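Q: next one to model:
(one chain, ligands or ions: 2)
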Amino acid sequence: MDIQHLKHILNQFKIDTQDVTFQSITTGYINDTFLVLKSEKPLYILQCINSNVFKQVESLMLNIELALAKLQSNEYKTISLLKTIEGKSFYKQNKSYWRLMTFIEGSTTYNTTTNPKVAFEAGRIIGEFHNLLKDESPGVFTDIIPNFNNLPFRITEFKKAIEKVSETRKGVAKNGIDFAIKTHPTFDTFYKAKLPLRICHNDTKLNNILFSKSNEALCLIDLDTIMKGYFHYDFGDAVRTIVNTANEDEIELSKITFNTTLFEAFVDGLSKNASFLTNKEIELLPIATALMPFIHGLRALTDYLNGNIYYKVAYENQNLERCVSLFHFTKLSLQHEAYMSSVINLKLKKQN
Ligand code: GN1
Ligand code: MG
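A: Ligands and ions are numbered 1, 2, ... in the order given. This next block holds a predicted model:
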């Protein structure tokens, strides 16, 4: 993206754009993101929203505005959207949608952690996010990507991809395909449980949480997928990226871990803000830590089978490697189910 173009976009917003510089942030798989700096000080985040993935950007922005209005408390320091000269929360140019957000001074993100304080704070802030949104009626928010974290839908998409893929590609992905077919019935009981729908973030991996310099969690970022879901999606997505001290595409499987100290710290943090959870929800939290990496692995595998059309991949087999890694963590999680139940019962369960 050339600088003149970025500058032109920035000029559409009500800010002083003199002497700004841009830094590309490449960790996301979906949107194009830039840090906007002045005299080397980061001031804003500028993002071009991927309208191939997000078909209804205007409703998406409305979801975010609705949520931001509620995400206000002493324990939650949120980012805000800057308005365009026309008073809108995004700027549309041809088929591209751009938005500008505040950058919280000194804030940082982590892809992985070994620090129990970070794990604790992540649990606390996810609890607070849900606490602040717990009275929202799910119907008020648009389903931006219908069935986003719905495993039965993801299985259907996976089966469609298997029908169409070449024998060669199918051969390369054989282990992943076999694991997916063998494992998905494990999650049937979860979907039969009729849990309450809540407004969820739906993408609570660790690097979507902002931390202060002293590792206090400030807020959740990347709010594109705020819509209805089960609390378990947010719980499971956070756990898969916190208790595993390796990256989600780590190919050396021996480096993928289930760190119990980090798990306990995360649940301790969550327990500070978890009074909204029902006991039925609490009982099904352990399986969610396997469900979420399984869904992500399956989505990466499906995208590999489809020829890498959804995620931005840096190399041909990246989706496949993410799948192998995520399926490996799924196995670790399933092995820790009884352990997680005992921790969760102790720290979260309400005595009736
Ligand atoms: C995508 O772009 P990013 O990293 O925020 C994806 C998430 C996955 C993630 C990979 C809309 O998010 O679901 O967790 O890649 N977002 C969408 O971990 O598909
Ligand atoms: Mg995202």
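
Q: strands along the stretch 101-250 of the chain, start to end?
A: Using DSSP state E, counting those that start in this stretch, the strands found in the stretch 101-250 of the chain span residues 198-200, 209-211, 217-220, 227-229.

Q: any chance of CSV for those, columns mean pLDDT?
A: Below are these laid out as CSV (pLDDT from 0 to 100):
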stretch, mean pLDDT
strand 198-200, 98
strand 209-211, 98
strand 217-220, 98
strand 227-229, 97
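
Q: tell me where the stretch 201-350 of the chain has helices.
A: 231-242, 260-271, 279-283, 285-305, 318-335, 337-347 (DSSP state H, counting those that start in this stretch).

Q: quick revisit: who wins for proximity to Asn247 among the strands of the stretch 101-250 of the chain?
A: Closest to Asn247 of the strands of the stretch 101-250 of the chain, according to C-beta to C-beta: strand 209-211, at 15.9 Å. Backbone N, C-alpha and C define where each C-beta goes, glycine included.

Q: quick one: that closest one near ligand 1?
A: No - using C-beta under 6 Å from any ligand atom, strand 209-211 stays clear of ligand 1, coming no nearer than 12.2 Å.

Q: tell me which residues are up against that strand.
A: Contacting residues not belonging to strand 209-211 are listed as 79, 104, 107-110, 118, 121-122, 125-126, 217-221, 238 [C-beta atoms under 8 Å, 6 or more residues apart in numbering].

Q: coming back round to it: in TSV, list the strands of the stretch 101-250 of the chain along with mean neighbour count and distance to Val140.
A: Converted to TSV, these look like this (neighbours: other C-beta atoms under 10 Å; distance: least, C-beta to C-beta, whole Å):
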stretch	mean neighbour count	distance to Val140
strand 198-200	24	8
strand 209-211	23	25
strand 217-220	22	19
strand 227-229	21	10
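
Q: redo the ones you listed as TSV? Include distance to Leu262.
A: Formatted as TSV, these follow (distance: least, C-beta to C-beta, whole Å):
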stretch	distance to Leu262
strand 198-200	22
strand 209-211	14
strand 217-220	14
strand 227-229	24
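
Q: tell me which of those sits nearest to ligand 2.
A: Evaluated with C-beta to the ion, the strands of the stretch 101-250 of the chain place strand 217-220 nearest to ligand 2, the distance being 10.7 Å.

Q: partners of the closest one, with directions?
A: Partners of strand 217-220 in the sheet, by DSSP bridges, are strand 209-211 (antiparallel).

Q: so for the residue nearest to Lys349 when sequence neighbours are not counted, what's the pLDDT?
A: With C-beta to C-beta, 6 or more residues apart in numbering as the measure, Ile282 is the residue that lies nearest to Lys349, at 5.5 Å, once sequence neighbours are left out. Looking at Ile282, its pLDDT is 97.

Q: cool, Asn352 as well?
A: With respect to pLDDT, Asn352 scores 58.

Q: do the same with Phe263
A: Looking at Phe263, its pLDDT reads 98.
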